[in-house]
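Colleague: Kindly generate the corresponding structure for this input.
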Amino acid sequence: MTRVGQRPEGAMQTAPSAAPMPVLLVIDSLAGGGAERYVVDLAVALRRRGWPVEVACSTGGVRAGALAEAGVPVSILLDTLVKRRVSRRYGRSLRRLIEDRRPALVHAHLYASAAAAAQATRDLAVPLVITEHTEAPWRGRRAREVSREVYRRADRVVAVSTAIRDVLVAEYDVPFGQVDVVLPATTAPVAERPVPRRPRGAVVGVVGRLVPEKGVDVFLQAAALVLAVVPHARFLVVGDGPMRADLERRAAALGIADSVTFTGFRADAPQLIAGLELLAVPSRSDGSPLVVCEAMAAGIPVVASRVGGLPDLVADGRTGLLVGPGQGEDLARAMVSLLLDPAGADVLGTRAREVAATRTHAHLVDRMETVYRCLAGPAVQSG
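Modeller: All right, here's what the predicted structure looks like:
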């Protein structure tokens, strides 16, 4: 086990229920995905509020630096990434960490870490919270059985969208009253005024992991159609992943390579989003991606698939546009409609910015603190 950073003095000791309590956040890695960003933002915010919070993961990643800067200790438990599978070794390492740190509560994210946390907290008087970030259509029969057992052991399940909550209740038998729906929120500041239309060209972006479910191939198909109508349009693909080489070949095959820039992972993605004309989220399946929150905060209109938690974030025709998943022509039509109507795009962006101002990250952290104190407070007092 590799330790990154130093544990603040007094961390992982018991405290009165009214005060911040030691919390261990668990996630597969600190890579560049949205769930990883969610955990890092939560950990940093809790630390700033005085919570003795730590993070554990199977491997590190590009987001580890933000935790180090905030003084949040990180425990890297293995030398290989555990993702979308059950690792008894991961669970045993996490159990040893919990027995050493004695947190008041464990909060796990993503399938592999939720399974490891359920194994590690078995027979321990440590409440377990699980945040479910996806409807997880990839799960086969065995993974669904594991998830059903993990949810059964959890003291509370947090869903980042109503769609995920409905799946948990209908397909995994999680009691409706045991699920809290907490929509994600960005730490990026909300723009003080509408973003003015500048002579910057029509720059359309997609931001996320380059994996099949994110639908970046659909975005490229749509981009080729958009260029036939808006030939000066330019396209950004921000993010990295196993499909990058294939997507670059697709762009070349479509004859649009000169109009598409693949940036790779960018820590300054929120700033890039703020410079777009519009953000596309062409997902085939998704939870509630933070990039939508970032675009809305910047007053950038969003064109997104009508899947998962995206309708929770984007009100079709009011704060953005929703289209069918996997429909390149529909996506292109929606993008063209905004690119050719800057005034209409401004209206959507302004409304989105107003909604973003009501969905603050501080409110998300408030909700998490309430969950933590409800579950861990009695245990801490009795301890």
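
Colleague: what's near enough to touch the residue nearest to L348 when sequence neighbours are not counted?
Modeller: Excluding its sequence neighbours, the residue lying closest to L348 (Cβ to Cβ, 6 or more residues apart in numbering) is P301, at 4.0 Å. C-beta coordinates here come from the backbone N, C-alpha and C atoms, glycine included. Contact partners of P301, counting by Cβ atoms under 8 Å, 6 or more residues apart in numbering, are 278-279, 295, 319-321, 338, 345, 348-349, 352.

Colleague: Now the phi/psi pair for P301, please.
Modeller: phi -70, psi 150 (degrees, to the nearest 10).

Colleague: can you map out the helices along the chain?
Modeller: Along the chain, counting by DSSP state H, helices occupy 34-48, 64-70, 88-101, 111-120, 141-153, 162-172, 216-229, 244-253, 269-274, 290-298, 310-313, 328-339, 342-356, 361-382.

Colleague: The ones you listed: which one's closest to E54?
Modeller: Ranking those by proximity to E54 (Cβ to Cβ) places helix 88-101 first, at 6.6 Å.

Colleague: Off-centre distance for the closest one?
Modeller: Averaging C-alpha positions (Cα atoms, centre = their mean, to the nearest Å) puts helix 88-101 25 Å from its chain's average.

Colleague: Flag the shaky bits of the stretch 101-250 of the chain, pLDDT-wise.
Modeller: 193-201 (pLDDT under 70).

Colleague: One more pass at 80, please.
Modeller: By pLDDT under 80, the weakly predicted segments of the stretch 101-250 of the chain are 192-201.

Colleague: Outline the domain layout of the chain.
Modeller: For the chain, the structural domains run 2-185+360-382, 203-356, going by automatic domain parsing.

Colleague: Scan the contacts of P301 and report the most crowded one.
Modeller: In terms of neighbours by other Cβ atoms under 10 Å, the contacts of P301 top out with A295 at 34 neighbours.

Colleague: Show the contacting residues for A202.
Modeller: By Cβ under 8 Å, 6+ apart, A202 lies in contact with 230, 232-234, 277, 339.

Colleague: Buried subset of these, written for PyMOL?
Modeller: Buried residues among the contacts of A202 (16 or more other Cβ atoms under 10 Å), as a PyMOL selection:
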select buried, resi 230+233+234+277+339
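
Colleague: wait, V218 sits on D330?
Modeller: No: counting by Cβ atoms under 8 Å, V218 stays clear of D330, with 9.6 Å between them.

Colleague: who's more crowded, the two?
Modeller: V218 (24 against 20).

Colleague: per-residue confidence at the nearest residue to that one once chain neighbours are set aside?
Modeller: Distances taken as Cβ to Cβ, 6+ apart put P282 closest to V218, at 4.4 Å, once the chain neighbours are dropped. Confidence at P282, expressed as pLDDT, is 97.

Colleague: number of nearby residues for P282?
Modeller: Neighbours of P282 (other Cβ under 10 Å): 28.

Colleague: A56 too?
Modeller: Using other Cβ under 10 Å, A56 has 27 other residues around it.
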